[in-house]
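Visitor: next comes the sequence, and after it the predicted model I'd like to discuss.
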Amino acid sequence: MKEKKKLKLNKKKIFIIIITIILICTLIYSLINIFGWFKDNQQINDEIVNIEENVNVQEVEDTPDTKIIENKVKKDDLYWKYIKMNLINVDFKELKNTNSDTVGWIQVNGTNINYPFVQTDNNDYYLEHSFYKKNNHAGWVFLDYRNNINKLDKNTVIYAHSRVNGTMFGSLKNILKSGWLNNTNNYVIKLSTEKENTLWQVFSVYSIPTTNDYIQVKFNNDKAFEEFANMLISRSQHNFNTNITKDDNILTLSTCYSDTDKLVLHAKLIKKEVRK
């Protein structure tokens, strides 16, 4: 009997020791992840500050060379308000010296998104690297490798992580909130590249279980593109009352909304000006 009791006690002690070891390991792993998260955030914040201090982002008024894009726009469409807005113009010299992968600058009204964006030959590298090409789980804002920013595809796609602290596309979650949606001045995205400056009007915002059907960049014909555009409009969680035609160009912003869902914004090109 005593031996049986001792055996039971020993098994209980071993079980407690194993559970304790597992809990300690879990705690250490969690602390390492938390430390890494804060370290990545600090590195990204430092890079953002450095970029802001060294790069000049200017608003520029229209010139005789500014092209207004009007594709069957409704009379009551907010388009007529947005085309009066200024474009932005960015000096890319310092950015290109720092990172030759730099291809543009993006600014999204009503969010913290006001960054240079990059492009390489894949969609993986900048998920784990910062603008300064340092290993970083926060990543950076990047253009789909299939797109050509100097010769716009029918759908231009830009990605970034949704960071809890609001950096990268972390503040894009604002687009589904009433505060953002109730302010129509937010329905605008501005891009600047070395070749041209452009203005885009938002027409669809939504969250969706992870899929890749909205990141198609090329289409076999006009009908295929129109069907694609209608799908994007039908998904929107807000009615922007804006139509898309076969002659339009679309900009898509994509980020994570949860472990299983994506957060997506679509806008159409409404104004552009070639840089001299």
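Guide: Looks like it arrived, so ask away. Numbering: from 1, shown residues only.

Visitor: give the next helix or strand downstream of the host helix or strand of residue 203.
Guide: Element membership of residue 203 [criterion: DSSP states H and E] is strand 196-209. Following strand 196-209 in sequence order, the next helix or strand is helix 222-235 (DSSP H and E).

Visitor: packing partners of that following helix?
Guide: Applying 3 or more C-beta pairs under 8 Å, 6 or more residues apart in numbering; DSSP states H and E, one finds that helix 222-235 makes contact with strand 196-209. Glycine gets a C-beta too; all of them are placed from N, C-alpha and C.

Visitor: follow-up on the earlier one: what's the angle from the strand holding residue 203 to helix 222-235?
Guide: Our comparison of strand 196-209 with helix 222-235, counting by axes from the mean of the first three to the mean of the last three C-alpha atoms, to 10 degrees, yields an angle of 60 degrees.

Visitor: neighbouring strands - and their directions - for strand 196-209?
Guide: Looking at strand 196-209 with DSSP bridges, its partner strands are strand 188-192 (antiparallel), strand 261-274 (antiparallel).

Visitor: most tightly packed of those strands?
Guide: Most buried of these, by mean neighbour count (mean count of other C-beta atoms under 10 Å): strand 188-192, with a mean of 24.

Visitor: can you show me the CA trace of that one as PDB?
Guide: Only the C-alpha atoms of strand 188-192 are listed here, as PDB (Å, rounded to 0.1, in the frame of the first residue of the first chain):
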ATOM      1  CA  VAL A 188      -9.900  60.200 -51.500                       C
ATOM      2  CA  ILE A 189      -6.500  58.700 -51.900                       C
ATOM      3  CA  LYS A 190      -3.500  60.500 -53.300                       C
ATOM      4  CA  LEU A 191      -0.400  58.900 -54.900                       C
ATOM      5  CA  SER A 192       2.800  60.400 -56.100                       C
END
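
Visitor: how far off centre is that strand?
Guide: Centroid separation between strand 188-192 and its chain, computed with C-alpha atoms, centre = their mean, to the nearest Å, is 13 Å.

Visitor: same question for that strand, mean pLDDT?
Guide: Across strand 188-192, pLDDT averages out at 98.

Visitor: residues in contact with residue 96?
Guide: Contacts for residue 96 were tallied using C-beta atoms under 8 Å, 6 or more residues apart in numbering; they are residue 102.

Visitor: of all the strands paired with strand 196-209, which one is nearest residue 68?
Guide: Among these, strand 261-274 comes nearest to residue 68, with 5.6 Å by C-beta to C-beta.

Visitor: quick one: the closest one to chain centroid distance?
Guide: 11 Å.

Visitor: roughly how far apart are residue 64 and residue 276?
Guide: 12 Å (C-beta to C-beta, to the nearest Å).

Visitor: what's the answer for residue 124, then?
Guide: Residue 124 is 36 Å from residue 276, by C-beta to C-beta.

Visitor: more neighbours, those two?
Guide: A direct count of neighbours by other C-beta atoms under 10 Å for residue 124 and residue 276 places residue 124 higher, at 12 against 5.

Visitor: quick one: contacts for the more buried one?
Guide: Applying C-beta under 8 Å, 6+ apart to residue 124 gives no contacts.

Visitor: now do it against residue 144, distance only.
Guide: Residue 124 sits 12 Å away from residue 144, going by C-beta to C-beta.

Visitor: for this structure, what helix or strand is lowest in average pLDDT?
Guide: Least confident element among the helices and strands of the chain, by mean pLDDT, DSSP states H and E: helix 2-54 (a mean of 71).
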